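Peer 1: give me a 3D structure for the following:
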Amino acid sequence: MKLQGKNLAILAEDLYQDLELWYPLLRMREEGARVTVLGTEAGTTYKSKVGYPVFSDKAVREARAADYDGVIIPGGYAPDLMRRHKATLPWSGTPFPRGRWWLLSATPDGCSPPPAFSRDGGSRASRPSEMTW
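Peer 2: A predicted model of the protein is given here:
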C-alpha cells in the first residue's frame, strides 16, 4: 500500500467525467489513501455526464487544503460548474507544500490545471522538464 497514511481530496460536481473521478478514487483507496469527496455541498449526490452518481463526504467550504496531501480535479463539465462557486476557486491554485501533489490536465505540450479552473484558460502549460515535484 504505497499511499498508506495519505489524505487526498477529489472535487465533485455534476457532469463530471466518470473515469476521471472513479478510477483515481478507487485506485487511491486501493493503495491505502484516505480519499474524501468534496462537493459544493456536503451530503449531496452529483451525477456524471452519463448519470453515474457520487456522494460528497464534505463541502469544499468546510475543508482546508492544508489538511490534504493532494487534490484530484476530474474533467467533464464539472470544473466549469465548480468554478462558479467561490469556495471552490482557491483549490485550483492552492500551492501544496513540496512533497504534496495534485492531478493536472496533461497534454503532449505539458501540464496545467484543468482549463475551466485556470486563470488564463489553461494556456500556460508547464513542461514536465520544468516542473518540480
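
Peer 1: top helix in this protein by residue count?
Peer 2: Of all the elements of type helix in the chain, the one with the most residues (DSSP state H) is helix 18-30.

Peer 1: which helices and strands sit right next to the helix or strand following that helix?
Peer 2: For helix 18-30, the succeeding helix or strand toward the C-terminus, using DSSP states H and E, is strand 34-39. For strand 34-39, the packing partners by 3 or more C-beta pairs under 8 Å, 6 or more residues apart in numbering; DSSP states H and E come out as strand 7-11, helix 18-30, strand 58-59. Bear in mind the C-beta positions are built from the backbone N, C-alpha and C, glycine included.

Peer 1: before we move on, back to that, so what touches the longest helix of the chain?
Peer 2: Helix 18-30 has contacts (C-beta atoms under 8 Å, 6 or more residues apart in numbering) with 3, 6, 8, 10, 12, 35, 37, 48-50, 52, 54, 72, 74-76, 78, 103.

Peer 1: could I get the CA-only coordinates of it as PDB?
Peer 2: The C-alpha atoms that make up helix 18-30 are tabulated as PDB, following Å, rounded to 0.1, in the frame of the first residue of the first chain:
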ATOM      1  CA  ASP A  18     -16.800   9.100 -15.000                       C
ATOM      2  CA  LEU A  19     -13.400   7.600 -15.400                       C
ATOM      3  CA  GLU A  20     -11.600  10.800 -14.300                       C
ATOM      4  CA  LEU A  21     -13.300  10.600 -10.900                       C
ATOM      5  CA  TRP A  22     -13.900   6.900 -10.300                       C
ATOM      6  CA  TYR A  23     -10.700   5.400 -11.500                       C
ATOM      7  CA  PRO A  24      -8.400   7.600  -9.300                       C
ATOM      8  CA  LEU A  25     -10.900   7.400  -6.400                       C
ATOM      9  CA  LEU A  26     -10.900   3.600  -6.300                       C
ATOM     10  CA  ARG A  27      -7.200   3.200  -7.100                       C
ATOM     11  CA  MET A  28      -6.100   5.700  -4.400                       C
ATOM     12  CA  ARG A  29      -8.200   3.900  -1.900                       C
ATOM     13  CA  GLU A  30      -6.800   0.500  -3.000                       C
END
